[in-house]
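[1] sequence and predicted structure below; questions after.
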Amino acid sequence: MSGMVTVHFGTNPVHAASSHRATEFQISDDLKPNAFARVIAKIGYAFAYAEGAISELEGEPFVLPAIRGEIDEIGRWVGTLTAPPQSHAELLHRVEVHRDRERNLLFAEVQLFSDSETPSYGVILGKLKPNNS
């Protein structure tokens with residue numbers, strides 16, 4: 001994990017704390033990055049499956065054993081994309097399937113709360129069949 005982004009909805013937390021005469025507030029540090037990455041992987045995989053893109057893969061999707069918790073390597077398949085966060089006002093969440101022809105890989109891009117300028121995550125799903133490149 002390289003960082004964390006906090007997104008708020010509604011009243012700005014600083015203003016809310018001030019209006020209640022709070023002298024401090026804190027955010028829980030009970031982070032579970034592996035569990036979060038598995039959720040992102042499940043979303044990306046499920047979307048690709050629903051779109052029929054999984055049928056373009058050669059063999060089992062790389063990410064499935066990690067999603068199922070059979071192996072502890074979710075960080076190998078899921079990561080934060082380096083592009084600056086963008087806002088998509090018309091979408092609450094955004095999921096796209098991409099084909100990387102150069103590397104012959106299928107991956108999903110997942111952005112939760114995309115209407116609020118949040119990070120996007122990449123999920124490497126698997127290797128494309130030779131006839132899909």
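    Everything's here; your move.
[2] what's the helix or strand where residue 37 lies in contact with?
    If you go by DSSP states H and E, residue 37 is part of helix 33-50. For helix 33-50, contacts defined as Cβ atoms under 8 Å, 6 or more residues apart in numbering pick out 1, 54, 61, 63-64, 66-67, 69, 72, 74-75, 77-78, 95, 97, 106-110, 121, 123, 125. Yep, even glycine has a C-beta here, placed from its N, CA and C like the rest.
[3] so where's the protein uncertain?
    Across the chain, the ranges flagged by pLDDT under 70 are 1-10, 27-28, 132-133.
[4] looking at it, which residue lies furthest from center?
    What lies farthest from the middle of the chain is residue 21; by Cα atoms, centre = their mean that is 36.4 Å.
[5] hey, where'd the helices end up in this structure?
    Taking DSSP state H as the criterion, the chain carries its helices at 13-19, 33-50, 64-67, 74-77.
[6] I'd like those laid out as TSV, including mean neighbour count and distance to residue 90.
    Listed next are the helices of the chain as TSV, based on neighbours: other Cβ atoms under 10 Å; distance: least, Cβ to Cβ, whole Å:
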stretch	mean neighbour count	distance to residue 90
helix 13-19	11	26
helix 33-50	18	18
helix 64-67	18	29
helix 74-77	18	29
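[7] so for residue 116, which of these sits nearest?
    With Cβ to Cβ as the measure, helix 13-19 is the member of the helices of the chain nearest residue 116 (14.2 Å).
[8] can I get the closest one in PDB? Just the C-alpha atoms.
    In PDB, the C-alpha atoms belonging to helix 13-19 read as follows (Å, rounded to 0.1, in the frame of the first residue of the first chain):
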ATOM      1  CA  PRO A  13     -15.600  17.000   8.400                       C
ATOM      2  CA  VAL A  14     -13.600  20.000   9.500                       C
ATOM      3  CA  HIS A  15     -16.700  22.200   9.500                       C
ATOM      4  CA  ALA A  16     -18.800  19.500  11.200                       C
ATOM      5  CA  ALA A  17     -16.100  19.100  14.000                       C
ATOM      6  CA  SER A  18     -16.000  22.900  14.500                       C
ATOM      7  CA  SER A  19     -19.800  23.300  14.600                       C
END
